[in-house]
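*Asks:* When you get a sec, could you give me coordinates for this:
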Amino acid sequence: MKAEDIEHIIEVARDAGKAILSIYNDKDFGIELKQDESPLTKADKEAHKIIVEGLKETKLPVLSEEGKSIPYETRKNWEAFWMVDPVDGTKEFIKRNGEFTVNIALIENKKPVFGVVYAPVLDKLYFGGVGKGAFMIHGKEITTLSKSKKNSDTVRIVASRSHLNQETQDFIDQFKKTSIVSMGSSLKFMLIAEGNADVYPRFAPTMEWDTAAAHAVLLGLNIEVIEPKTKKVLNYNKKNLLNPYFIVG
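*Replies:* Presented below is the predicted three-dimensional model:
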């Protein structure tokens, strides 16, 4: 991927973010419920349109949460495609806490090789991938991210504020000293990328588009996303797009 291609994908994510913010600052989110009872807003739909249009020039197919009805028979032979979550953290969007992101990932042969994670309200944009390193743009400042070295006997664990299930609690209990850090959406992964957390156990359902872009950024730091039982890394474009449980860090 060339520098100008990376710049283009970042611009697409920012354009989607602008559209999301215009709706975020409006009173009417146009909230609907999807079949699984999860919320859908005007922001999800508008960002989806902008991203799909912006990715057209790459000539690669797009698999988005808001356009996920592409049958497996059609997509199973894709060697490369974009996996997109136009608004990751719609519940965070509705709560107006700012902890939602635009996620765009390039998948090649079932692996995330490049990703952009953009948090419009926080004005933080993360990007990176395999062999490319990982970076954060905050305002006009670009920071090169690096894998942090643990310098304390306290393990900083990413966990949900509201959904601390028994499996997660059991994982936490294996460490003598812990502190819990919380964040919405794929920003949980970015706590690891920024060195603000040590490990992220996820023993609850996620879909491939929830993790792909953040996974790619972490791969830029040589940090993998591992299924705890099999020790296999997460892969993408499965027949069933539901992720297994995983651990990062």
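*Asks:* Which residue is most remote from the mean position of this structure?
*Replies:* K176 (29.7 Å; Cα atoms, centre = their mean).
*Asks:* so who does it touch?
*Replies:* Taking Cβ atoms under 8 Å, 6 or more residues apart in numbering, we find K176 in contact with D153. (Glycine included, C-beta is placed from N, CA and C.)
*Asks:* Name the SS class of it, please.
*Replies:* The three-state label given to K176 by DSSP: H, G, I helix; E, B strand; the rest coil is coil.
*Asks:* how is this protein carved up into domains?
*Replies:* Each domain of the chain is listed here as a residue range: 3-144, 155-248, per automatic domain parsing.
*Asks:* my guess is L63 meets I70, correct?
*Replies:* Yes - under the criterion of Cβ atoms under 8 Å, L63 is in contact with I70, at a separation of 6.2 Å.
*Asks:* which one of these two has more residues nearby?
*Replies:* L63 (22 against 14; other Cβ atoms under 10 Å).
*Asks:* Please, which helix or strand holds that one?
*Replies:* Taking DSSP states H and E as the criterion, the element that holds L63 is strand 62-64.
*Asks:* Partner strands of that strand, with direction?
*Replies:* Here the strand partners of strand 62-64, with direction, are listed using DSSP bridges: strand 80-88 (parallel).
*Asks:* Just the buried residues of the strand it pairs with, please?
*Replies:* 81-88 (16 or more other Cβ atoms under 10 Å).
*Asks:* in what helix or strand does the closest residue to M190 other than its chain neighbours lie?
*Replies:* If the residues on either side of it in the chain are set aside, M190 comes closest to Y126, at 5.5 Å by Cβ to Cβ, 6 or more residues apart in numbering. Using DSSP H and E, Y126 sits within strand 124-129.
*Asks:* TSV please, covering the domains of the chain and showing mean pLDDT.
*Replies:* Output for the domains of the chain, formatted as TSV (pLDDT from 0 to 100):
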stretch	mean pLDDT
domain 3-144	92
domain 155-248	94
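*Asks:* any idea of the angle the helix ranked longest in the chain forms with strand 80-88?
*Replies:* Looking across the chain with DSSP state H, the single longest helix is helix 3-24. With axes from the mean of the first three to the mean of the last three Cα atoms, to 10 degrees applied, the angle from helix 3-24 to strand 80-88 works out at 30 degrees.
*Asks:* List of residues touching helix 3-24?
*Replies:* Defining contact as Cβ under 8 Å, 6+ apart, one finds that helix 3-24 is touched by 29-30, 41-43, 46-47, 50-51, 54-55, 57-58, 86-87, 93, 96, 100, 102, 104, 106, 114, 116, 118, 120-121, 125, 127, 132, 137.
*Asks:* cool, and stretch 229-241?
*Replies:* When contacts are taken as Cβ under 8 Å, 6+ apart, the neighbours of stretch 229-241 outside the stretch itself are 63, 68, 72, 75-76, 78, 81, 83, 107, 110-112, 207-209, 211-212, 215, 224-227, 243-244, 246.
*Asks:* Was I right to think H138 contacts D123?
*Replies:* Yes - proximity of H138 to D123 meets the contact threshold set by Cβ under 8 Å, at 6.4 Å.
*Asks:* which stretches of the protein form strands?
*Replies:* When assigned using DSSP state E, the strands of the chain occupy the ranges 32-33, 39-40, 62-64, 80-88, 101-108, 111-119, 124-129, 133-138, 141-144, 155-158, 178-181, 200-202, 225-226, 246-248.
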